[in-house]
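No letters, just coordinates:
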């Protein structure tokens, strides 16, 4: 997906449809896990004012 000033919603919808048709998502499951882990680490860092290590496992 490129960000060229176009409609990001339409781009995401096209990418979703393509992934469903072709079975090839733009991002792997691991990408989503790392994104969530990063977001949670940022949230904790903001709340505590301290650096937080990004972790994806227990």
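Arrived safely. Every value quoted in this text rests on a predicted model; they were computed, and no experiment measured them.

rest of the way, CA atoms for contacts and neighbours
Fine.

Quick check: which element contains the closest residue to residue 51 other than its chain neighbours?
Excluding its sequence neighbours, the residue lying closest to residue 51 (C-alpha to C-alpha, 6 or more residues apart in numbering) is residue 45, at 5.6 Å. Here residue 45 sits within helix 29-48, counting by DSSP states H and E.

Report the distance from that helix to the chain centre.
In terms of C-alpha atoms, centre = their mean, to the nearest Å, the centre of helix 29-48 is found 10 Å from the chain centre.

Enumerate the positions of it that are buried.
Neighbour-count burial for helix 29-48, counted by 16 or more other C-alpha atoms under 10 Å, picks out 37-38, 41-42.

which one of these is nearest residue 52?
Ranked by distance to residue 52 (C-alpha to C-alpha), the buried residues of helix 29-48 are led by residue 41 at 5.7 Å.

in the helix or strand bottoming out on mean pLDDT in the chain, what counts as buried?
Of all regular secondary-structure elements in the chain, judged by mean pLDDT, DSSP states H and E, the least confident is helix 8-22 with a mean of 88. Buried residues in helix 8-22, counted by 16+ other C-alpha under 10 Å: 15-16.

Quick check: which helices or strands does that helix pack against?
Packing partners of helix 8-22 (3 or more C-alpha pairs under 8 Å, 6 or more residues apart in numbering; DSSP states H and E): none among the helices and strands.

Next, report how far it is displaced from the centre of its chain.
15 Å.

Stretch 50-58 too?
For stretch 50-58, the distance to the chain centre is 16 Å (C-alpha atoms, centre = their mean).
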